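Novice: next input, structure requested:
(chains A and B)
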2 protein chains.
Amino acid sequence: MEPNVSNLNSHCAEIAMEVHKVVPPPHRSTIQKLKTRLKETFFPDDPLRQFKGQILKKKWILAAQYIFPILQWGPNYSLKLLKSDIVAGLTIASLAIPQGISYAKLANLPPIVGLYSSFVPPLVYAVLGSSRDVAVGPVSIASLILGSMLRQEVSPGKDSILFLQLAFSSTFFAGLFQASLGLLRLGFIIDFLSKATLIGFMAGAAIIVSLQQLKSLLGITHFTKQMGLVPVLSSVFHNTNEWSWQTILMGFCFLVFLLLARHVSMRKPKLFWVSAGAPLVSVIISTLLVFAFKAQHHGISVIGKLQEGLNPPSWNMLHFHGSHLGLVMKTGLVTGIISLTEGIAVGRTFAALKNYQVDGNKEMIAIGVMNIVGSSTSCYVTTGAFSRSAVNHNAGAKTAVSNIIMAVTVMVTLLLLMPLFQYTPNVILGAIIVTAVVGLIDLPAAYLIWKIDKFDFLVMLCAFLGVIFISVQDGLAIAVGISIFKVLLQITRPKTALLGNIPGTDIYRNLHHYTEAVRVPGFLILSIEAPINFANTTYLNERILRWIEDYEAEENTQKQSGLQFVILDLSAVSAIDTSGVSLFRDLGKALEKKGVELALVNPLGEVMEKLQRADEDHEFTRPDCLFLTVGDAVASLMSTVKGQSSSSHV
Amino acid sequence: MEPNVSNLNSHCAEIAMEVHKVVPPPHRSTIQKLKTRLKETFFPDDPLRQFKGQILKKKWILAAQYIFPILQWGPNYSLKLLKSDIVAGLTIASLAIPQGISYAKLANLPPIVGLYSSFVPPLVYAVLGSSRDVAVGPVSIASLILGSMLRQEVSPGKDSILFLQLAFSSTFFAGLFQASLGLLRLGFIIDFLSKATLIGFMAGAAIIVSLQQLKSLLGITHFTKQMGLVPVLSSVFHNTNEWSWQTILMGFCFLVFLLLARHVSMRKPKLFWVSAGAPLVSVIISTLLVFAFKAQHHGISVIGKLQEGLNPPSWNMLHFHGSHLGLVMKTGLVTGIISLTEGIAVGRTFAALKNYQVDGNKEMIAIGVMNIVGSSTSCYVTTGAFSRSAVNHNAGAKTAVSNIIMAVTVMVTLLLLMPLFQYTPNVILGAIIVTAVVGLIDLPAAYLIWKIDKFDFLVMLCAFLGVIFISVQDGLAIAVGISIFKVLLQITRPKTALLGNIPGTDIYRNLHHYTEAVRVPGFLILSIEAPINFANTTYLNERILRWIEDYEAEENTQKQSGLQFVILDLSAVSAIDTSGVSLFRDLGKALEKKGVELALVNPLGEVMEKLQRADEDHEFTRPDCLFLTVGDAVASLMSTVKGQSSSSHV
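Specialist: Predicted coordinates:
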């Protein structure tokens, strides 16, 4: 379909009357630009905005409120809010106690450390945290990673004191790292864990965690110390003689009960207390059963005696030197990032539901300080836990006071109720963990990713397979590496599209997308859809020359009119660097040899500025080859040809 | 300045008649998309294009010509071309002989290896290479890196045989790596060395190389084995008692002579033979001087006896296992990449000058095979050398035959003339190297980078300082790291711009760039200038909400009309992933709570497709909130408001 050229021409001529020229952006000094750039990088949320135009006293109050959000909501706290918070606090405490014991075992730590970690950190968070819904405590994946990474160098069975010291030290470094990220406003680093990566990673970790529970669910005593799918399964099936039918029966019954409770709460969110209370009910019933039937003598292993009393100080247990420092710092880094990702995501999710804002960097400082304080009061890594926060939200929590209620309940437990856990069977803890991590396997999300973006699905699969077959840390590293590689590949091979005119308009769009669009004879109109930089200058040069060759090949076979103009639409070129600038010079020279003219359309502010500075001889920034829209460019260039041909006729 | 709304409205209403809808792109299967993607990634130059539609016999001939470019130009070779090539070949041979000896010394290898490396590799390149101007041989920077990396583990003085074996093995791995990059079509990896990185790196390396020459220029015998600026200068000034005035005088005179010759040739390119011949003239004169005055007994060190004869085979000297394998592979990788970068850049530069094309991946295979063959015939790493190729080009070389002439001349030297070099003083070799590397310090280019892009200048400075203060490899790694970090940062913090209407048109452009543009009351029009993906979804969400808050704040102070519509111009969003898709859902919900409507403008093919697949409930891909241009969107949304208000009046 040939466009009606004369019609197009007359249309263009009209527009040419009102052609708008491309101008350089208003001048700004390097310092100003640097300031804007730094502000957008580190303070995109502009946290100091509220201070503007306030008197000094008000500024101090605002600053105190900024650092301690409790000062913001505390003064308006009412009895009505307290009622809601007490209900929510007691509900999450009933979940926190069995979960705390279970997750501590997952991290190869004494069960009581899990309860310690549900006492101090929630209090710290209540003062510093800015989310109203987050419930704080240990989480499954960070526990798993902490335990498995430290076990590479130290055996938790033989060297239990050293192992505990390393766990507290790792917690300290995790906290230090988290708080630094927040203080340095580097929170965007956790954005590099994409959704796809996280879904794959979580599912893999859930399977690894569940496999570890086969030890207590089957009652095996000689269990492998490795984490991978293959060694665990081979260990399970090489020790069938150790399987205990009593344990298996008990575990199966309670697992079914817990999963049913979870199912009920998921179907009817109003019945949230069913799944929230089920773990505690299981613990109580199973403990009574063991006590009544003296089942500990019939092959069911129990937790055993637990120490009473509140968190002992542990700052003298922190390692800042010695042979394990490297391991401790690495463990702190990995668990810090992972738990931060969960904590921030939880905060943001519930903030969006209730329509308030959570400052990511501030939350990081809160979580970091919480872990630093925790590490010197016998706590291990904690964060905002997803399952617990969901219960908190459903139970009607209004402020962080629900965390305080939970902490007080745990305190009472630590002081008075510890002897009651002596006969709690380990198999129940295994069942509680499996029920908690099952929710991390998100098949609908995986399907959605498959539907939307196959490459993201690949990233997810790599994270998943890496975690279950290699190791938790390596799986994560592989997935992050692939995600970043994809982004770099997009930059190395930016898209170029051939544009055509949509008939009856002066709109130009991709010919392959808008099939009604038609080519303009004699013009090759290309849009470049990426920043032009060192990584893609060579490619773009080759690719554009190939477009021209393709045009010329068609010209010969289909007797099109000869190529006269190449128009590059730079609307989508958001940035350019020194290598990128040379593209236009090289391209201009190559085109000159072919007798073809190059025109640029709509270079954005920064791009325009750099082109001008690089092009002192005005090779490609002459006003007559710079246009604001493709329509302008076509009309204006077409009229020059007409002018020439008519003058040559005369 | 308020826009003339009624005028705008009537203008828009006209356009609204011919509003073009956004359509999804034509369906293509995943396999088709994957195929296109892989083709653009690995075969952007479409090398098989010429084979299309040819008969089988012709295809075989084309394939042979593709692999051996000599078959392409060989049959048309004429006596006239031979004459030009002989002149050029002899000229580069006169440069290659002294440079070969000098660079081999720079790599801590016996001088004769430098001559071997100027004999076999040029012959291989003449058959496989596709450039007509490149002259092949050892180069300064690859020599420096090879010598300094191997010296970390093996002393070239004590273990000279082992050192030689490692050098040949590194050459083998460099060749293997280069050929693999070419075969696997991964040539774009060298694009990650940006122009700025290279300029900084080259300048730093030139200084390091020159500092090393102080040993021979000052006649010091106990010289440090380190490469950094600080240790070398401290070594020089701690050994002032070893300085030999005879050596210094001789070195100074010849250095001045060589630099003057270089200056003359740079001012008048026609006098290229002055700088090309000067090294050989210096060698001859200085050798005669030493011989005549028996200066070797007066503190001037000489090369000493050199073996006669052609390259001995060295394939039995290659190491494929043992304790040094890691070092050898790493050295091969680094020297391979660096020499490849120089070789490809040289080829492209001269191809652009003479207006022919060089296939980067094919060149990589040629250079790789050349080094693999070289490693088994006593040659070390070679590539297309910049200075030598420039002389070759200026001397009128027409084809790769000039490389053959050079190789034959070197062969004659190896067979007959080696005894003549016995009395050549080392100080001359130092002067030749300094003269050769001075040209690598490109101050005008550095100034241009400063002018265009301050961040690129920083990258350059890091490469430079890293090389001279830390080490050659680390400086390079730091610079590449910073370049990639910059690209990632651009993606993490994409630009968003507020658009306004350019009066009298339906063009919308950045308000900060085009100061005549005016806002449309009730509308917030933003353009997003980057692919939307996991690394920037959170940021974009926060940033867009801040734009809205800013608008609302202004609304209160300046009594603007209330915000009704947010229009996002996606023309510059070249790609989107699963995380990115959620941005629109989250944003849509946040806006709904404020009673503001969201409209999307011009999503590109891939983006449109993914949005539709993710949005089965049609939350943000309804036809009434998708527009092809901003002008359409404004006109159409404005008419809905009018319609509503008029109907409510009725």
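
Novice: drop to CA atoms for contacts and neighbour counts, all remaining ones
Specialist: Noted.

Novice: any idea which residue of the stretch 551-650 of chain A lies closest to chain B?
Specialist: Closest approach between the stretch 551-650 of chain A and chain B, counting by CA to the nearest CA: A:Ala572, at 3.9 Å.

Novice: okay, now that residue: neighbour count?
Specialist: By other CA atoms under 10 Å in any protein chain shown, 24 other residues sit near A:Ala572.

Novice: near chain B at all, the strand or helix carrying A:Phe455?
Specialist: When elements are assigned from DSSP states H and E, A:Phe455 belongs to helix A:454-465. Yes - for helix A:454-465, a contact with chain B is found by CA under 8 Å from any CA of the partner chain, at A:Asp456.

Novice: so which elements touch that helix?
Specialist: helix A:195-218, helix A:443-452, helix A:472-492 (3 or more CA pairs under 8 Å, 6 or more residues apart in numbering or on different chains; DSSP states H and E).

Novice: same thing but at 6 Å, please
Specialist: helix A:195-218, helix A:472-492 (3 or more CA pairs under 6 Å, 6 or more residues apart in numbering or on different chains; DSSP states H and E).

Novice: determine which of the ones you listed shows the lowest mean per-residue pLDDT.
Specialist: Lowest mean pLDDT within the helices and strands packed on helix A:454-465: helix A:472-492, a mean of 82.

Novice: what mean pLDDT does the very next helix or strand once past that one have?
Specialist: Following helix A:472-492 in sequence order, the next helix or strand is strand A:496-501 (DSSP H and E). The average pLDDT within strand A:496-501 is 90.

Novice: can you show me the CA trace of strand A:496-501 as CSV?
Specialist: The C-alpha trace of strand A:496-501 is given here as CSV (Å, rounded to 0.1, in the frame of the first residue of the first chain):
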residue,chain,number,x,y,z
THR,A,496,15.5,-0.4,17.0
ALA,A,497,12.2,-0.2,15.2
LEU,A,498,11.2,0.9,11.7
LEU,A,499,8.5,3.6,11.9
GLY,A,500,5.8,4.3,9.4
ASN,A,501,3.1,6.9,9.1
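
Novice: next secondary structure after it?
Specialist: strand A:508-510.

Novice: ok, and what's touching that next one?
Specialist: A:497-501 (CA atoms under 6 Å, 6 or more residues apart in numbering or on different chains).

Novice: do the same with stretch A:447-463
Specialist: Taking CA under 6 Å, 6+ apart as the rule, stretch A:447-463 contacts A:196-197, A:200-201, A:475-476, A:479, B:610, B:613.

Novice: between the two ends of it, how far is it?
Specialist: 16 Å (CA to CA, to the nearest Å).

Novice: can I take it that the residue of the stretch 551-650 of chain A closest to chain B is in a strand?
Specialist: No - read with DSSP: H, G, I helix; E, B strand; the rest coil, A:Ala572 is coil and lies in no strand.

Novice: next, work out how far apart it and B:Leu115 are.
Specialist: Look at A:Ala572 and B:Leu115: by CA to CA, they are 52 Å apart.

Novice: can you pull the pLDDT of the residue of the stretch 551-650 of chain A closest to chain B?
Specialist: With respect to pLDDT, A:Ala572 has a value of 87.

Novice: that one reaches A:Pro531, doesn't it?
Specialist: No - in this structure A:Ala572 lies outside contact range of A:Pro531 using CA atoms under 6 Å: 7.6 Å.

Novice: next, the buried residues of the helix holding A:Phe455.
Specialist: Within helix A:454-465, the residues scored as buried using 16 or more other CA atoms under 10 Å in any protein chain shown are A:455-465.

Novice: and the longest helix that chain A contains, which residues are buried?
Specialist: Ordering each helix of chain A by length in residues (DSSP state H) puts helix A:325-354 first. Judged by neighbour count using 16+ other CA under 10 Å, the buried positions of helix A:325-354 are A:327-351.
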